[in-house]
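# Provided below are the primary sequence and the corresponding predicted coordinates.
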Amino acid sequence: MSELEQVLFNLIEPMVSNTEKISVKTMPSLNENEVLLYVYADSEDVARLIGRQGQMASAIRQMMSIASRIGNKKITIKFESY
């Protein structure tokens, strides 16, 4: 797990009901200064992570943007359910 993946996992871990079903993956991007992180979880946990009107997802993205500034990268986070 990369450093940004671990930071994101540690950030969302207390917010979900079953941590064993969470997966955080880095996907390749055409832009070398961009990091794409995907969070895979069951639909109930994804709904909890997105929050009402996307407020929780926005807060998670803001927190991760601070972590990504260390590496001078732009971070994009997508939430997917399975």
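Noted; the coordinates are in hand. Numbering: from 1, shown residues only.

# Report the buried residues of the longest helix anywhere in the chain.
When the chain is scanned for its longest helix (criterion: DSSP state H), the result is helix 55-69. In terms of neighbour count (16 or more other C-beta atoms under 10 Å), helix 55-69 has its buried residues at 56-57, 60-61, 64, 67-68. Every C-beta, even on glycine, is put in place using the N, C-alpha and C of the backbone.

# K25 falls within a strand, correct?
Yes: assessed with DSSP: H, G, I helix; E, B strand; the rest coil, K25 lies in a strand.

# Report how many residues lie close to it.
14 (other C-beta atoms under 10 Å).

# next one: the one 3 residues further on
The local packing of P28 (other C-beta under 10 Å) involves 8 other residues.

# separation between it and V16?
According to C-beta to C-beta, to the nearest Å, P28 and V16 sit 26 Å apart.

# Mind putting the buried residues of helix 55-69 into TSV with distance to E34?
Shown next, in TSV, are the buried residues of helix 55-69 (distance: C-beta to C-beta, whole Å):
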residue	distance to E34
M56	23
A57	18
I60	17
R61	13
M64	13
A67	14
S68	9
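
# and the gap between the closest residue to S17 other than its chain neighbours and V35?
Closest residue to S17 apart from its sequence neighbours, by C-beta to C-beta, 6 or more residues apart in numbering: D45 at 6.1 Å. According to C-beta to C-beta, D45 stands 22 Å off from V35.
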